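Participant: pasting a predicted model and its sequence here:
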Amino acid sequence: MSYQNGHFIGGEWIAEGATFANHDPVTGAEIGRIHEAGRETVDRAVTAARRAQPGWAALPVAERAAWLRRLADGMEARFDDLVAAEVADTGKDAVQARTLDIPRGAANFRVFADIAAQRPDNAYHLPGTLSYTIRRPLGVVAVIVPWNLPFLLTTWKTGAALVAGNTVVIKPSELTPGSAAALADIAARAGLPPGVLNVVNGLGAGSAG
């Protein structure tokens, strides 16, 4: 199996930058070539996320929660693809990917959707004072993911950020880019507004990191 893995920016796949090898950790065989993002590519992803963020934040929280559930449905529909990507990238047992990583990833999105949709704003009346909570998104969130539980940790961070009204730029580990690419494809097929979820690939120091 051989493929070229580009960046997902503003709802489009962009194949730019030099490529580096993605290896099967079990056999050492090269299973793909990954495009490496530099500063300009990362800036483009952040710009796309900034452009999308006000409209995304303006959606009622119930609509953002509905989007998370739609994406969770997409993960479950692409279950076997996600398992294959996780196993190829990490070398872990397929049983673990099928029973932990991928189901938990979809569950993360559903849980954050449920928490956000059911969490009321709070107001407290004190003598001469009204105290109340205002929840505002941070803006653009960088989601940097390690190699050991790539899909689970991507969804854990991304689901919370998205439902709160932030947009995201995901930077997966250079060792395990497959499931992040699959998540981007799921988002694209679901019709998630362009720029809400972006993925850039690359190394840590001196590259996308």
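Facilitator: Yep, it's here. Numbering: from 1, shown residues only.

Participant: give me the contacts around stretch 141-153.
Facilitator: Applying C-beta atoms under 8 Å, 6 or more residues apart in numbering, the external contacts of stretch 141-153 come out as 82, 85-86, 89-90, 100-102, 104-105, 108, 154, 157-158, 161, 166-173, 175-176, 178-180, 183, 209. Quick note: C-beta positions are derived from backbone N, CA and C, even for glycine.

Participant: restricted to helices, list those.
Facilitator: Among the contacts of stretch 141-153, the members found in helices (DSSP state H) are 82, 85-86, 89-90, 102, 104-105, 108, 154, 157-158, 161, 178-180, 183.

Participant: only the buried members of those: can you turn that into a ChimeraX selection?
Facilitator: In ChimeraX, this line selects whichever of these come out buried by 16 or more other C-beta atoms under 10 Å:
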select :82,85,86,89,90,102,104,105,108,154,157,158,161,178,179,180,183
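
Participant: same for the one helix or strand Ala72 maps to, what does it pack against?
Facilitator: Counting by DSSP states H and E, the element that carries Ala72 is helix 61-77. Contacts defined by 3 or more C-beta pairs under 8 Å, 6 or more residues apart in numbering; DSSP states H and E place helix 61-77 against helix 102-118, helix 150-163, helix 178-190.

Participant: and the next helix or strand past the first one?
Facilitator: Put plainly, it is helix 102-118. strand 123-126.

Participant: that following strand packs against which elements?
Facilitator: strand 129-132.

Participant: quick check: next helix or strand after the strand it packs on?
Facilitator: Next along from strand 129-132, by DSSP H and E: strand 140-144.

Participant: tell me which residues of that following strand are tucked away?
Facilitator: Val140, Val141, Ala142, Val143.

Participant: thanks a lot, see you next time.
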